[in-house]
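**Student:** Attaching a predicted model along with its sequence, questions to come.
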Amino acid sequence: MTLFNRICLIGFIFLGQASINAAEFESNVALSNDYVWRGMTQTSEETAISGGFDISGENGLYFGTWASNVEFGDNAAAELDWYAGYSNELESGVTYDVGYLAYTYPGENSLDFDEIYLGFGYSYFGVTFSLGQDSAPDNTEASFALGETGVSVTYGDYEDYGKYTLISYDLPTAIAGLGISIGWSDFSANTNSGLEDEDTILITFSM
């Protein structure tokens, strides 16, 4: 099944299960000094502009897309992601989220890959398992928020690539209508990955 057919199928399922009038629409735009994904720069440590939108229904179904510029030294100039899933909360307070995510790179289709993800959360703790499809690597990620301080810590293990840590702080008040996040990212490459260790300071403005 092609990506287009998958997206159409997901859209029809969503529209068939959720009322358009009851659906909730959200959008986001961000500017960062670097686009770091799972500890690795996707823009050769240059500025990244990203944005996307989500449509969610009262029944827990959601659908969305997100895009950013990238720089890998090839024909890919942008990353365009499509995702859909279902999320809910149990009476115990445990939340769960299961879905499908397609990463696409117009101009360099050989980079495209898909993941099925399953996430759980409780209070300030969360863990997500991302299962790579068609031989793509798996990823395991855990996150913890330090109460209402705005500080969060994320640790992940990306199969065949390496381990990564992100410590971030969201400023409590917006400035000129923009949310501001400051973070430190560290990536430790696996010995046989052929990659190098990375670490960087991240500053992101969002709305």
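**Tutor:** Looks like it came in fine. Residues are numbered from 1 along each chain as shown.
**Student:** The host helix or strand of Gly119 pairs with which strands, parallel or anti?
**Tutor:** According to DSSP states H and E, Gly119 maps onto strand 113-122. With DSSP bridges as the test, strand 113-122 is paired with strand 95-104 (antiparallel), strand 125-132 (antiparallel).
**Student:** Could you point out which residue ranges in this structure have low pLDDT?
**Tutor:** Residues of the chain meeting the criterion pLDDT under 70: 1-22.
**Student:** Helices of that one, start to end?
**Tutor:** Taking DSSP state H, the helices of the chain run over residues 3-17.
**Student:** Which parts of it are strands?
**Tutor:** Taking DSSP state E to define them, one finds strands in the chain at 24-32, 36-37, 40-41, 48-56, 61-69, 78-89, 95-104, 113-122, 125-132, 139-145, 151-158, 162-170, 179-189, 198-206.
**Student:** Report the distance from the third one to the chain centre.
**Tutor:** The reference is to strand 40-41. Chain-centre distance of strand 40-41: 13 Å, with CA atoms, centre = their mean, to the nearest Å.
**Student:** for the last one, same thing?
**Tutor:** Averaging C-alpha positions (CA atoms, centre = their mean) puts strand 198-206 15 Å from its chain's average.
**Student:** Save the strands of the chain as JSON lines, and put in mean neighbour count too.
**Tutor:** C-beta: built from backbone N, CA, C; applies to glycine. JSON lines is the format used below for the strands of the chain (neighbours: other CB atoms under 10 Å):
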{"stretch": "strand 24-32", "mean neighbour count": "13"}
{"stretch": "strand 36-37", "mean neighbour count": "20"}
{"stretch": "strand 40-41", "mean neighbour count": "18"}
{"stretch": "strand 48-56", "mean neighbour count": "17"}
{"stretch": "strand 61-69", "mean neighbour count": "19"}
{"stretch": "strand 78-89", "mean neighbour count": "18"}
{"stretch": "strand 95-104", "mean neighbour count": "17"}
{"stretch": "strand 113-122", "mean neighbour count": "16"}
{"stretch": "strand 125-132", "mean neighbour count": "16"}
{"stretch": "strand 139-145", "mean neighbour count": "16"}
{"stretch": "strand 151-158", "mean neighbour count": "18"}
{"stretch": "strand 162-170", "mean neighbour count": "18"}
{"stretch": "strand 179-189", "mean neighbour count": "17"}
{"stretch": "strand 198-206", "mean neighbour count": "16"}
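**Student:** what's the burial count for Glu91?
**Tutor:** 5 (other CB atoms under 10 Å).
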